[in-house]
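Chemist: I would like to see how this sequence folds:
(one chain, ligands or ions: 1)
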Amino acid sequence: MTALAFDDFGTLALPTPDVAEVREAYAALHARLNRASGDEAVAVVADWDTLRKRLESWSSLVHIRFSQDTRNDAYKAAREHCDEIAPKFTDLETTFKKAVLAHPSRPALEARFGRFVFDLWACDATTFDPAIEADLVEESKLGSEYVALLSAAEFTVGGETVNMSGLSKFAESADRNLRYEAAAVRWRWFADNAEALDRIYDRLVHLRTGMARKLGFESYTELGYRRMRRTDYGAADVARFREAVLADVVPLAGALRKAQERTLGVDRLMFWDEPVQDPAGNPKPAGGHDDLVAAATTMFDGMGPDLAAFFRLMVARGLLDLKNRSGKAGGGYCSGIAEAGVPFIFANFNGTMGDVEVFTHECGHAFQYYMSRNNTPSDLCWPTYEAAEIHSMSLEFLTWPSMELFFGADAERFRRTHLTKAVLFCPYGTAVDHFQHLVYAEPDATPAERNAMWRRVETQYLPTRNYGDLPHAGAGGVWQQQRHIYLSPFYYIDYVLAQTCALQFWAWSQSARAEALAAYESLCAVGGAKPFSGLVTHAGLRSPFAPGCLADAVTRARTVLGA
Ligand code: ZN
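Modeler: Coordinates of the predicted model:
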């Protein structure tokens, strides 16, 4: 049931919670919980969830508004205030979780809410202590500083002035000189800002390591995994998965890069050639923002009643912000307003094929949330990230038959490019993960040593890469453009694990589309009610950690791509 209703997201405003009032609400909940047993204990946990949803909705909205206009002083101030008080709410929440975990009526609570949410709360109970409150505030501030720095970047290329998102269309141009120019200005900017980027990251690494030690962990890696709420696999499983990527995907990626070099007709594939799979440049969606939304409406209408209703709701309530404009934060994401039970999609359309990829990706997240929005407690609405990315990356493939709506005669070229990129992504994604393991194992490394770590993983996972004379990039600075490394440590292997599942959905949909789509929708409806392995099993897929799974997942792609 939802407590909040609104017609237009653009005008939605939520009251800033008062810390003292929230404290009182928690004191009342504790008093009730202490006396409660059986059904009353269940009712107290449900009321606590209502309070959390209110606080979460406000926090989500504050973060969304800031990303919509990072230069708006009121949004910036609200975001800063939110970052200041968020750890106080986390403290109250964690204390309450501990009380619920230790409650004598736990069997009744588990019977009502399921066992898994208790595993999540047990995980959360180890990742927070009031001793790290100030560190968390500083961590958020450094994250905002990184976002603001990148959002403010401006480039002149091909006679146009663009921001970081706007550079992509030049990076994917059929004109090699323009591609080079886009890469040159981009990496010149990163070189010019290297000192600030190094300072922010160095502080983040020390801060995170300090938090881990205060909480009794040896390094940030253990804490990072717990903050990601990974309850059913650990660093050793991920290390084994990385070995599978090296053995099963890196050689295939090398063959695809060789084929790309031949297709593009270049003597040697350079870093600035990598984004383009075709001498004609990557296919571009026909028309602008409104055409894309209209095409998406037609597409989802044709994919069944739930997907149709979902997308019509997104359009009707203004839950899409897709246009690129100056001052807007980069990237794309899906968030939600828990109290209203609605998702929100943020993107930066720039006229490239990526617009469609990001859009179908974020729609996957949003549709999953829409389907599981009534899960209780609200911890079970969103799954953990590696599972959440199955919903998004699989929808990118499940929408393939509708790509004519976006690309017309270029749809087949889009599908081939998309599949190629999906395979090529795996080594890159794994490199980003491996790099972070190295970084947090040696937190006192210098910025130059961190760049050397990146060079080392690049040599392993991306051995064909050639940066030519690009400043900074060739010296190991490329990781600095990957926002997850700054903002969401260890959130990256998730994409590779999920891609392994998405490729299974892709293969499945090729032979039995209706069955694959039904399994997909059923997976979305479960939301986050199970851990990763449970969701994978529920969907009828094989676990990426199972021996041979990744190799099988890429074999069909290899055949289709003729590599
Ligand atoms: Zn995603």
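
Chemist: who touches stretch 536-548?
Modeler: Stretch 536-548 is touched from outside by 233, 237, 240-241, 387, 390, 496-497, 500-501, 504-505, 519-520, 522-523, 526, 530, 533, 549-550, 552-553, with contacts defined as Cβ atoms under 8 Å, 6 or more residues apart in numbering. Bear in mind the C-beta positions are built from the backbone N, C-alpha and C, glycine included.

Chemist: mind checking the end-to-end distance for it?
Modeler: The first and final residues of stretch 536-548 sit 16 Å from each other (Cα to Cα, to the nearest Å).

Chemist: wait, isn't residue 529 in contact with residue 378?
Modeler: No. Counting by Cβ atoms under 8 Å, residue 378 is not a contact partner of residue 529; they are 11.5 Å apart.

Chemist: Chain neighbours aside, what residue packs nearest to the residue of the chain found nearest the ion?
Modeler: Taking Cβ to the ion, the ion has its nearest neighbour within the chain at residue 392, 4.1 Å off. Counting by Cβ to Cβ, 6 or more residues apart in numbering, residue 392 lies nearest to residue 364, which is 3.6 Å off, once chain neighbours are set aside.

Chemist: what sits against the one you found?
Modeler: Counting by Cβ under 8 Å, 6+ apart, residue 364 makes contact with 391-396.

Chemist: Which members of the residues you listed occur in strands, if any?
Modeler: Nothing among those maps onto strands, per DSSP state E.

Chemist: can you put those in JSON lines and add pLDDT and neighbour count?
Modeler: Below are these laid out as JSON lines (pLDDT from 0 to 100; neighbours: other Cβ atoms under 10 Å):
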{"residue": "391", "pLDDT": "98", "neighbour count": "31"}
{"residue": "392", "pLDDT": "98", "neighbour count": "22"}
{"residue": "393", "pLDDT": "97", "neighbour count": "27"}
{"residue": "394", "pLDDT": "98", "neighbour count": "32"}
{"residue": "395", "pLDDT": "98", "neighbour count": "26"}
{"residue": "396", "pLDDT": "98", "neighbour count": "23"}
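
Chemist: For these, which two are the farthest from each other?
Modeler: The span of these, defined through Cβ to Cβ, is set by 391 and 396 at 10.2 Å.

Chemist: tell me, how many neighbours does residue 107 end up with?
Modeler: Using other Cβ atoms under 10 Å, residue 107 is surrounded by 10 other residues.

Chemist: meant to ask about residue 34, not that
Modeler: 10.

Chemist: again with residue 513
Modeler: Neighbourhood size, residue 513 [other Cβ under 10 Å]: 13.

Chemist: thinking again about what came up before, looking at the contacts of residue 364, which are in helices?
Modeler: Among the contacts of residue 364, DSSP state H puts 391-396 in helices.

Chemist: Now distance to residue 10 too, for these, in a markdown table please.
Modeler: As requested, the ones in helices among the contacts of residue 364 are exported to a markdown table (distance: Cβ to Cβ, whole Å):
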| residue | distance to residue 10 |
| --- | --- |
| 391 | 26 |
| 392 | 24 |
| 393 | 29 |
| 394 | 30 |
| 395 | 25 |
| 396 | 27 |
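
Chemist: Go through those residues and say which is closest to residue 203.
Modeler: Lowest distance from residue 203 to those (Cβ to Cβ) belongs to residue 392, with 31.0 Å.

Chemist: picking that back up, surely the residue of the chain closest to the ion touches residue 365?
Modeler: Yes. Counting by Cβ under 8 Å, residue 392 does reach residue 365; the two are 4.8 Å apart.
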